[in-house]
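Q: I would like to see how this sequence folds:
(2 chains)
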Number of protein chains: 2
Amino acid sequence: MKFSSKIEKCTQSPMRKFHPFAVEAEKRGIRIYHLNIGQPDVKTPPQFFEAVKNFSQPVLEYAPSPGLPVLIEAIRGYYDKLDVSLEPGNIYVTTGGSEALAITLQCILDNGDEIIIPEPFYPNYNTMTNTTGGVVHPIPTDVHHGYRYADKDLIEAQINEKTRAIMVTTPGNPTGVVLSRDEMEMIVDIAVKHDLFLICDEAYREYFFEGDRLQTFGEFIDKAPENIIITDTVSKRFSACGARIGCLISKNKEFMAHALKYCQARLSVATLDQIASAALYDVGPEYFAEVRAEYKKRRDTLCRKLREIPGIVFDVPGGAFYLMAALPVDNAEKFQQWLLEEFDDNGETVMFAPGGPMYAAPGKGKNEVRMAYVLECDKIERAIDILKKAIEVYNSKS
Amino acid sequence: MKFSSKIEKCTQSPMRKFHPFAVEAEKRGIRIYHLNIGQPDVKTPPQFFEAVKNFSQPVLEYAPSPGLPVLIEAIRGYYDKLDVSLEPGNIYVTTGGSEALAITLQCILDNGDEIIIPEPFYPNYNTMTNTTGGVVHPIPTDVHHGYRYADKDLIEAQINEKTRAIMVTTPGNPTGVVLSRDEMEMIVDIAVKHDLFLICDEAYREYFFEGDRLQTFGEFIDKAPENIIITDTVSKRFSACGARIGCLISKNKEFMAHALKYCQARLSVATLDQIASAALYDVGPEYFAEVRAEYKKRRDTLCRKLREIPGIVFDVPGGAFYLMAALPVDNAEKFQQWLLEEFDDNGETVMFAPGGPMYAAPGKGKNEVRMAYVLECDKIERAIDILKKAIEVYNSKS
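A: Residues are numbered from 1 along each chain as shown, chains lettered A, B, ... in the order given. Prediction:
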């Protein structure tokens, strides 16, 4: 049977590649410290579950395709506090931030069209782009320069006649790079100048560790109403990944009219999760302050411990809950497999996400890894002690 | 700004086209009998809400991309009772039946590829197909022959070198046509003979009014394991449309490997809705018997009343909760608009879904409408009395 050439171009998730080896290791009684997945361990605010329990309609009906008004209003209120003024029609509720991104790319990219994305990037961007017939055009970055990409000449050098959009994630997954307000404005100006969409994935907006003010491209939405598209989610903000509630924000009326066709074709987003997510927006700033302090502590612990590893290269990430590093090994995937199949330290080993698949260019990032610091500090300390020892053993054996 | 040619080819939902006129009519105090939407009024079984209330994990985590094991096992158990034996890996949980269909078409259709679908069909098939770059190739049917399409020569005549799949909905939306076991087998044989996928949308499986046995293409899945793909949903089965829980079933390993890439790229399906939907599968046969008896009564009421309208053409539908009819008017869309803007009978009017957009061929089905009998019998009687009177007034004015 023949399949679509678009799906043939995609690969299964590189995050999941080592899952079977992890299962085998666990069967042998090995304990694994999981730095490989971005599932936060913070408690979901009780408001979510209370709203679910209070639902009392006898029929669980379809919600309207653009989203339940109660949630759209909650999102508007949240953005209002960030001084971003939105109309209800500027917001569609989506099944996670993932659907917001998929809908956006489907609306924008035609066969052969290009989207500019700083690499390394979230590997699912590849599948989302390839399935439209479009192509990811990477902005190259370097671990030795902290993966920074906010350079006008560097970005403009990637633009050609096929370019339709620039996509940025800030705070960044996998790098943790956070754009400053000036850098954001510079990128907005590029998008306007070249008549490009600017897709802003702000899933990690609350996770920043320098300065005291949330940054959002929403601040520039009235300056570039035709260009800016923001994708957002409750997943990380409220540790509610399993709710699958996100949203798509734009003031480009034509774009929103096209996006509505997708929203209607999939009918609606889960009703209960929308109602419960609306209640999450009542959570106060003290919740975020506490979560942020905890993640900052974890980041600082991770950086302090990594500095004990000779030859490692990394920069202190400004946000999200990821750190990307080049390890002093020949090949991070080979090393990961060895960690699961051959190594243990007192019955314990460690997992991270290999960096290679986060690059569009094959062969790049071979010795790089992404670590998610979603574990408590003592576990992070132990995980990096294991990593340090493992690198020594791994490199001495060859 | 330029958009994808694929989304440019799509239209907004024809079901929603008359929504603004309905809102205006309601503002003038007009009561509308809604035969236009397929939202059942049956109560969602309490098992759903109990399962939701009993959820006690502190973190609402991502579910695995293929679905939560507890729901996959519940679906397996349900199919086992239909004598369809499935392995866990044959089932992926999806965000409604809609996502199962979208994933399937994205995996199968390349630019210019054709999918054969009997028309009239569920209009969202258009958006789902167009956004892949594929094309709907209709199997023509006729209201005078009850929209039946299960004719070997007729189906084979549509197959050409671009054909990749046949898609059938049984019981049918919008026609209510139900395939017999022999007809199903004949279509399976065509798919095998021509090496085509056979996509079976069985969202309305429980809604059939003749015979006493559920029909499913699953019965033939071991005869045509490479061809058959079944999409299914809890939406209509358990009146849980707002849960957005469906599934994708196939024994074609290569197809499932491709589909998994989509599932991973969107991460997971809502966790709580999966747990609650698993509980729905505990609902016993007496629930379905009651629901089926109620819908049969409604169908019979609707048919009895429609027979009072001179010049109307329709056949008694065998299943689902829709009836498609040709009205004795020049243009169903014009008539619908007039019903909302100019007509009322004692302050009441009626809405249906226009049939034209359910055809791939432009100009077909101009005087046809789909009626969803999701109202109680007395309301159906009143709605058709209004329709009868409206047709008389509408035709006498021109």
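
Q: residue A:98 against residue B:269, yeah?
A: No. If you go by Cβ atoms under 8 Å, residue A:98 and residue B:269 don't touch, sitting 11.0 Å apart. Any C-beta I mention is one placed from the backbone N, CA and C, and that applies to glycine too.

Q: how close does residue A:13 sit to residue B:150?
A: To residue B:150, residue A:13 is 41 Å away according to Cβ to Cβ, to the nearest Å.

Q: can you pull the buried residues of stretch A:69-83?
A: A:71-72, A:74-76, A:79 (16 or more other Cβ atoms under 10 Å in any protein chain shown).

Q: could you do stretch A:193-200 as well?
A: So stretch A:193-200, judged by 16+ other Cβ under 10 Å, has buried residues A:196-200.

Q: output it as CSV, nothing but the C-alphas.
A: Taking Å, rounded to 0.1, in the frame of the first residue of the first chain, the C-alpha atoms of stretch A:193-200 are listed here in CSV:
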residue,chain,number,x,y,z
LYS,A,193,9.5,44.1,6.7
HIS,A,194,9.5,40.8,4.8
ASP,A,195,5.7,40.2,5.0
LEU,A,196,6.1,37.0,7.0
PHE,A,197,4.0,35.4,9.6
LEU,A,198,5.6,35.3,13.0
ILE,A,199,4.5,32.2,15.0
CYS,A,200,5.3,32.6,18.7
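
Q: can you tell me the average pLDDT over that stretch?
A: For stretch A:193-200, the mean pLDDT works out to 98.

Q: so which residues of the stretch 101-250 of chain A form strands?
A: For the stretch 101-250 of chain A, the strands defined by DSSP state E, counting those that start in this stretch cover A:114-118, A:135-139, A:163-169, A:197-201, A:228-233, A:245-250.

Q: where's the residue nearest to residue A:329 when sequence neighbours are not counted, which helix or strand?
A: Distance criterion Cβ to Cβ, 6 or more residues apart in numbering or on different chains; nearest residue to residue A:329, sequence neighbours excluded, is residue A:335 at 4.5 Å. Under the criterion of DSSP states H and E, residue A:335 resides in helix A:332-341.

Q: stretch A:367-384 and chain B in contact?
A: No. Using Cβ under 8 Å from any Cβ of the partner chain, stretch A:367-384 stays clear of chain B, coming no nearer than 10.5 Å.

Q: okay, how far is it across that stretch, tip to tip?
A: Using Cα to Cα, to the nearest Å, the end-to-end distance of stretch A:367-384 comes to 17 Å.

Q: same check, this time on stretch A:108-117
A: Stretch A:108-117 has an end-to-end distance of 15 Å (Cα to Cα).

Q: for that stretch, which positions count as buried?
A: By 16+ other Cβ under 10 Å, the buried positions in stretch A:108-117 come out as A:108-110, A:113-117.

Q: tell me the average confidence for it?
A: Rounded to a whole number, the mean pLDDT of stretch A:108-117 is 97.

Q: any residues touching it, and which ones?
A: For stretch A:108-117, contacts defined as Cβ atoms under 8 Å, 6 or more residues apart in numbering or on different chains pick out A:105, A:125, A:129, A:132-139, A:155, A:158-160, A:162-168, A:196-197, A:199, A:255, A:360, B:2-6, B:111, B:133.

Q: tell me which two of the buried residues of stretch A:108-117 sit farthest apart.
A: A:110 and A:117 (17.3 Å; Cβ to Cβ).

Q: which SS state does the closest residue to residue A:351 other than its chain neighbours fall under?
A: Nearest residue to residue A:351, sequence neighbours excluded (Cβ to Cβ, 6+ apart): residue A:36, at 4.3 Å. Three-state assignment for residue A:36 (DSSP: H, G, I helix; E, B strand; the rest coil): coil.

Q: surely residue A:36 meets residue A:15?
A: Yes. Taking Cβ under 8 Å as the definition, residue A:36 is a contact partner of residue A:15 at 6.4 Å.

Q: pLDDT below threshold where in chain A?
A: For chain A, the stretches with pLDDT under 70 are A:398.

Q: ok, now with 90
A: The model of chain A has pLDDT under 90 over residues A:1, A:11-20, A:37-41, A:210-214, A:282, A:284-285, A:360-363, A:397-398.

Q: most remote residue from the middle of it, which is it?
A: residue A:58 (36.8 Å; Cα atoms, centre = their mean).

Q: hang on, it packs against residue B:45?
A: No. Between residue A:58 and residue B:45 there is no contact under Cβ under 8 Å: 10.4 Å.

Q: which parts of the stretch 151-300 of chain A are helices?
A: Applying DSSP state H, counting those that start in this stretch to the stretch 151-300 of chain A gives helices spanning A:152-156, A:181-193, A:253-265, A:271-280, A:285-306.

Q: switch those helices over to JSON lines; also include distance to residue A:144.
A: Shown next, in JSON lines, are those (distance: least, Cβ to Cβ, whole Å):
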{"stretch": "helix A:152-156", "distance to residue A:144": "15"}
{"stretch": "helix A:181-193", "distance to residue A:144": "19"}
{"stretch": "helix A:253-265", "distance to residue A:144": "38"}
{"stretch": "helix A:271-280", "distance to residue A:144": "40"}
{"stretch": "helix A:285-306", "distance to residue A:144": "15"}
